[in-house]
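Colleague: I need the structure of the sequence given here:
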Amino acid sequence: MLYEDFGVRELFLLRHAKSSWDDPALSDFERPLNSRGKEDAPLMGEHIERLGIKPDLVLSSPAKRAKKTAKIVAHKLGYSEERIEWLDRIYEASVQTLLYTVCQLPKEAKRVMIVGHNPALTMLANILGDVAIDNIPTAGIVGIAFDSSDWHEACRMQGHTILFDYPKKVKGLS
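Modeller: Okay, here's the model as predicted:
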């Protein structure tokens, strides 16, 4: 891979697909994807695959809607579901927690995808990227590239926002 020679790190922030509020008895953690979410997650997985994004590491919130989104997208990317790391700290994470998570990423992982929740994902995209983003929509993805050979350094610099896509935009491209 060309980027490996230059020490580039790429971070992809994927917000979970649209969730259902149909059952008020369910806890927030247990909310599943709704019908739109079940359409948008595979759509975005296929789009990400067409862009040639192959993560070395996928980290996800274990909340039901994030977990399902991560599994669907990973499948579309040929990334084994068994390799997804489910991190409790991503659910209801503060932006500081997510930033700490990025700082601790293993050096050998050059492309990392984090599947999680707003508002922290949007805040992280704005801290680390160079494009102001009001809101990452459900099933939206932001990609940020860093000219760094390790994550401990990358998480302390502003990267270059290389991608901001979401279902409505992707459907408009079709």
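
Colleague: In which helix or strand does residue 136 reside?
Modeller: Assigned by DSSP states H and E, residue 136 belongs to neither a helix nor a strand.

Colleague: tell me the phi and psi of it?
Modeller: phi -80, psi 110 (degrees, to the nearest 10).

Colleague: and the gap between it and residue 12?
Modeller: 11 Å (CB to CB, to the nearest Å). C-beta coordinates here come from the backbone N, C-alpha and C atoms, glycine included.

Colleague: Specify which residues of this structure, grouped into ranges, have pLDDT under the cut-off.
Modeller: For the chain, applying pLDDT under 70 flags the ranges 1-7, 174.

Colleague: which residues of it fall in helices?
Modeller: For the chain, applying DSSP state H gives helices covering 35-50, 64-77, 95-103, 120-128, 151-154, 167-173.

Colleague: Residue 136 and residue 12: who's more crowded?
Modeller: residue 136 (25 against 21; other CB atoms under 10 Å).

Colleague: returning to what we had before: can you tell which of the helices of the chain is closest to residue 16?
Modeller: Among the helices of the chain, the nearest to residue 16 by CB to CB is helix 64-77 (4.1 Å).

Colleague: Extract the CA atoms of the closest one and return them as PDB.
Modeller: Presented in PDB, the C-alpha positions along helix 64-77 are these (Å, rounded to 0.1, in the frame of the first residue of the first chain):
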ATOM      1  CA  LYS A  64     -27.600  -3.200  19.600                       C
ATOM      2  CA  ARG A  65     -28.000  -0.700  16.800                       C
ATOM      3  CA  ALA A  66     -24.200   0.000  16.600                       C
ATOM      4  CA  LYS A  67     -23.400  -3.700  16.800                       C
ATOM      5  CA  LYS A  68     -25.800  -4.500  13.900                       C
ATOM      6  CA  THR A  69     -24.400  -1.600  11.800                       C
ATOM      7  CA  ALA A  70     -20.800  -2.700  12.500                       C
ATOM      8  CA  LYS A  71     -21.600  -6.300  11.500                       C
ATOM      9  CA  ILE A  72     -23.400  -5.400   8.300                       C
ATOM     10  CA  VAL A  73     -20.700  -3.000   7.200                       C
ATOM     11  CA  ALA A  74     -17.900  -5.300   8.100                       C
ATOM     12  CA  HIS A  75     -19.500  -8.100   6.100                       C
ATOM     13  CA  LYS A  76     -19.700  -5.800   3.000                       C
ATOM     14  CA  LEU A  77     -16.000  -5.000   3.500                       C
END
